[in-house]
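>>> got a predicted structure here, sequence first:
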Amino acid sequence: MSRLILCIVLILGTLGTPAMATEEPAFTLVLRDGPFEVRDYGPTVVAEVTVAGSQNRASSQGFQILAGYIFGGNTRRQSIAMTAPVAQNRTSETIAMTAPVTQTASGDRWAVRFIMPSEYTMATLPVPNDRRVTLREEPAHRMAVVRFSGIADARQVERREQELDQQLAARGMRRTGPITLAQYDPPWTLWFLRRNEVMAPVAG
């Protein structure tokens, strides 16, 4: 039922608007080797909520809370354009500071976030009505990424996280923060057309 409600909310939010490409954060490509990439991102503003549960449950619940904010659940009752990707990562993850870097599997709290359209700043975004939603600015950062298609279930994500760590170790690189799952497509997208990434900040 929650997935159905989520689809309806997204459809209603796009009715009456002209078709256009969904905005994605701009980056400079530093390195590409097959599905592995290193990218430099500029500063971005994100709306974020922390939820508990499994990866899929947290993604669905977090998405609904954040969708409420951008579809008018704010002090101005203002709609904010949807962007891609939707990102989530474990908030309880600990990071080793030597290579290879490993991810702990403990904890069930997830940070789910939407990247705000580039036209907004912290000063111009409306304040969320839901106190669970926080706004914050992320500074410019370098990210290592592994791209993959299909359904981003827990087993697939774990496999891609291991692949990302292996790519970093092979290059003598280390990540400086938690691995994030980034999903670019709405939930009704056919599984073989879905675009996903695991990404982590790395030393510049």
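Cool, the structure landed. Keep in mind that this is a model prediction, so the values were computed, not measured.
>>> count the neighbours of the closest residue to Arg142 other than its chain neighbours for me.
Residue nearest to Arg142 in three dimensions, not counting chain neighbours: Gly204, with 4.6 Å by C-beta to C-beta, 6 or more residues apart in numbering. Just so you know, the C-beta spots here come from the backbone N, C-alpha and C atoms, and that holds for glycine as well. Neighbour count of Gly204, defined by other C-beta atoms under 10 Å: 10.
>>> list the contacts of Gly204.
When contacts are counted by C-beta atoms under 8 Å, 6 or more residues apart in numbering, Gly204 touches 40, 141-142.
>>> in PyMOL, select just the buried ones from the residues you listed.
To isolate the buried members of these in PyMOL, using 16 or more other C-beta atoms under 10 Å:
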select buried, resi 141+142
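>>> what about the residue most central in space within the chain, helix or strand, and which?
Nearest residue to the geometric centre of the chain (C-alpha atoms, centre = their mean): Ala87, 1.2 Å. Following DSSP states H and E, one finds Ala87 within strand 86-90.
>>> so which residues make contact with the helix or strand just after that strand?
Reading on from strand 86-90 to the C-terminus, the next helix or strand found by DSSP H and E is strand 109-115. Strand 109-115 is contacted from outside by 25, 44-53, 55, 58-59, 61-63, 65-66, 69-70, 82-83, 85-92, using C-beta under 8 Å, 6+ apart.
>>> how big is the angle separating strand 109-115 from strand 86-90?
Counting by axes from the mean of the first three to the mean of the last three C-alpha atoms, to 10 degrees, strand 109-115 lies at 160 degrees to strand 86-90.
>>> just checking, Val198 touches Leu181?
Yes. Assessed by C-beta atoms under 8 Å, Val198 is found in contact with Leu181 at 5.9 Å.
>>> which residue ranges of the chain form strands?
27-33, 36-41, 44-52, 86-90, 109-115, 134-138, 141-149, 180-183, 195-201 (DSSP state E).
>>> which among those is found nearest to Thr189?
strand 195-201 (8.6 Å; C-beta to C-beta).
>>> of all the strands of the chain, which one is nearest Met173?
strand 141-149 (6.7 Å).
>>> in the protein, where is pLDDT below threshold?
Where the chain drops to pLDDT under 70, the residues are 1-20, 92-107.
>>> cutoff 80 now
1-21, 91-107, 187, 204 (pLDDT under 80).
>>> give the bridge partners for Thr44, please.
Counting by DSSP bridges, Thr44 is bridged to Glu138.
>>> try Arg32
Under the criterion used (DSSP bridges), Arg32 bridges to Glu37.
>>> measure how buried it is and give me the count.
Neighbours of Arg32 under the rule other C-beta under 10 Å: 12.
>>> same deal with Ala52?
12.
>>> wait, what's in contact with it?
58, 108-110.
>>> tell me the buried residues within these.
58, 110.
>>> any chance of the contacts of Ala52 in CSV, with distance to Gln166 too?
Shown next, in CSV, are the contacts of Ala52 (distance: C-beta to C-beta, whole Å):
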residue, distance to Gln166
Ala58, 26
Asp108, 26
Arg109, 26
Trp110, 24
